[in-house]
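Visitor: 3D, please:
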Amino acid sequence: MEVSIEGMYALIRVRNNEDLWLYNSRQSVDLRRLVEWGRKADQVWMVSAPLSVYVTTPNETTEFRFRPGYVTDLATVPKLFRGIIDNDDLRLIAPSLVHDYYFGTQELSFCRANKLMFQMIRALGGSMFKAVVAWLAISSPFGWFKFRKFRLGKASHLRRRCDIITVRKE
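Guide: Numbers count the residues shown, from 1 in each chain. Modelled structure (predicted):
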């Protein structure tokens, strides 16, 4: 697997509702709603310009095209563990964006979404230790509980802000 990202600098830290509404013209989401969806108010990031993540396997290439206004927490990392896993580590950004999409929409199963994140971290040069720690964190009972709390509003917001294009190799 190969992973690449275009538009890496299109992420901004959201500090208030005005930041959100700057790139989300419909004002369909605010910090209160994000917290209801399980986001931590101090870990909200948003795509401010088109950003694409490419995941290439021997059989296909999938492009995740994130539009401005796509909201993410990158990798939700408890403060206690941020010394081990930093949520804005460059090797975690693309895997986190893709995992967040699949986790929020449930278009992949819990196990498949977590496995894909693990594989993407490794493909981007993340150490086995970092990939395993990230996988353990998202595969924990806490991760399962968050996955089970499916929110239709969150899923529709993510789907409106991300297009997925898959090209199969022949």
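Visitor: any idea which residue sits dead centre in the protein?
Guide: residue 97 (2.3 Å; Cα atoms, centre = their mean).
Visitor: which element is it on?
Guide: helix 90-105 (DSSP states H and E).
Visitor: Export that helix to CSV, keeping only CA atoms.
Guide: Provided in CSV are the C-alpha atoms of helix 90-105 (Å, rounded to 0.1, in the frame of the first residue of the first chain):
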residue,chain,number,x,y,z
LEU,A,90,2.4,14.1,9.8
ARG,A,91,2.3,10.3,9.6
LEU,A,92,-1.2,10.3,11.3
ILE,A,93,-2.9,13.1,9.4
ALA,A,94,-4.0,11.2,6.2
PRO,A,95,-4.8,8.0,8.1
SER,A,96,-6.8,10.0,10.7
LEU,A,97,-8.8,11.8,8.0
VAL,A,98,-9.8,8.6,6.2
HIS,A,99,-10.5,6.7,9.5
ASP,A,100,-12.6,9.6,10.8
TYR,A,101,-14.7,9.5,7.6
TYR,A,102,-15.3,5.7,7.8
PHE,A,103,-15.8,5.8,11.6
GLY,A,104,-18.4,8.6,11.3
THR,A,105,-20.3,7.2,8.3
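Visitor: Quick one: mean pLDDT over that helix.
Guide: Average pLDDT, helix 90-105: 90.
Visitor: Okay, now the unreliable bits of the protein?
Guide: 23-28, 38-42, 75-83, 86-88 (pLDDT under 70).
Visitor: which ones are touching the residue of the chain positioned farthest from its centre?
Guide: Distance from the centre of the chain peaks at residue 170, with 29.4 Å (Cα atoms, centre = their mean). For residue 170, no contacting residues are found, by Cβ atoms under 8 Å, 6 or more residues apart in numbering. Yep, even glycine has a C-beta here, placed from its N, CA and C like the rest.
Visitor: Now do whichever strand or helix holds residue 19: everything it contacts.
Guide: Taking DSSP H and E as the definition, residue 19 sits inside helix 17-23. With Cβ under 8 Å, 6+ apart as the test, helix 17-23 has contacts from 12-14, 27, 29-31, 44, 46-48, 68-69, 71.
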